[in-house]
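Asker: Turn this into a model:
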Amino acid sequence: ATNSTSGDISLVNSGVLDVTGISETGGNISVQNTGDLTVSGAVTDTLAGNIALTTVTSGDIALNSKVSTGSGEIDVTAAGAITENVSTGVLSTTGLLKTVSATGTSLTGANTVSSFHATNSTSGDISLVNSGALDVTGISETGGNISVQNTGDLTVSGAVTDTLAGNIALTTVTSGDIAL
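Answerer: Predicted structure coming up:
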């Protein structure tokens with residue numbers, strides 16, 4: 001889907017869905033699916049629009065391509081797990097990346113987000129690999145471990161909690177300070 005002026009792009013679907021590309025200028029992007037959702041083509045908002053990718057009731061989200069917006073928020077909410085292809089998946093915004101999952105969030109591609117907030121409610125880990133200054137505004141984990149690896153300064157401005165006995169690792173790679 002392409003929108004080159006104003007207005008939003010919105011899709012509500014049921015069944016397995018493969019998003020092969022969305023280009024938006026001047027509005028927001030919303031994809032809501034009941035069932036698995038795969039992003040195999042770039043989802044891009046060239047300005048400051050928000051991007052929401054959601055599975056409702058059931059379904060995992062597989063990020064196999066770039067999802068980016070200027071300064072808008074990227075929300076990824078899965079009834080199951082959120083995964084990212086390490087070679088081709090990229091999340092990029094100078095705004096907030098917010099994830100909600102039930103069975104884990106694994107974002108280990110070449111991400112460049114400025115803020116991160118994550119919740120995982122049942123099982124699986126929360127992991128993020130990122131480059132650039134990063135502010136962790138909060139992470140709530142139930143049933144797994146937490147790992148944030150950042151190249152650049154890492155600030156923790158919100159609570160990072162694991163309600164069970166999981167490990168929490170907040171690290172800077174090659175450069176950057178950590179402020180708690």
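Asker: so what's the closest residue to residue 69 other than its chain neighbours bridging to?
Answerer: In space, and not counting its chain neighbours, residue 69 is closest to residue 45: 4.0 Å by Cβ to Cβ, 6 or more residues apart in numbering. (Each C-beta comes from the backbone N, C-alpha and C, glycine too.) Per DSSP bridges, the residues bridged to residue 45 are residue 24, residue 69.
Asker: Residue 45 is in contact with residue 66, isn't it?
Answerer: No - Residue 45 lies out of contact with residue 66 (Cβ atoms under 8 Å); the separation is 11.5 Å.
Asker: which of those two has more neighbours?
Answerer: Set residue 45 next to residue 66 and count neighbours by other Cβ atoms under 10 Å: residue 45 wins out with 27 against 18.
Asker: Model confidence at that one, what's the number?
Answerer: You'll see residue 45 listed with a pLDDT of 95.
Asker: Which residues lie in contact with it in this structure?
Answerer: Residues near residue 45 by Cβ atoms under 8 Å, 6 or more residues apart in numbering: 24-25, 27-29, 51, 68-70, 72.
Asker: quick one: average pLDDT of stretch 16-23?
Answerer: 98.
Asker: Show me which residues of that stretch are buried.
Answerer: Across stretch 16-23, burial judged by 16 or more other Cβ atoms under 10 Å covers 17, 19, 22-23.
Asker: what about that stretch, how long is it end to end?
Answerer: 21 Å (Cα to Cα, to the nearest Å).
Asker: Stretch 95-114 now?
Answerer: Termini of stretch 95-114 sit 6 Å apart (Cα to Cα).
Asker: Run a quick neighbour tally on residue 34.
Answerer: 17.
Asker: Apologies, that question was intended for residue 6.
Answerer: 8.
Asker: So for stretch 138-149, mean pLDDT?
Answerer: For stretch 138-149, the mean per-residue pLDDT is 96.
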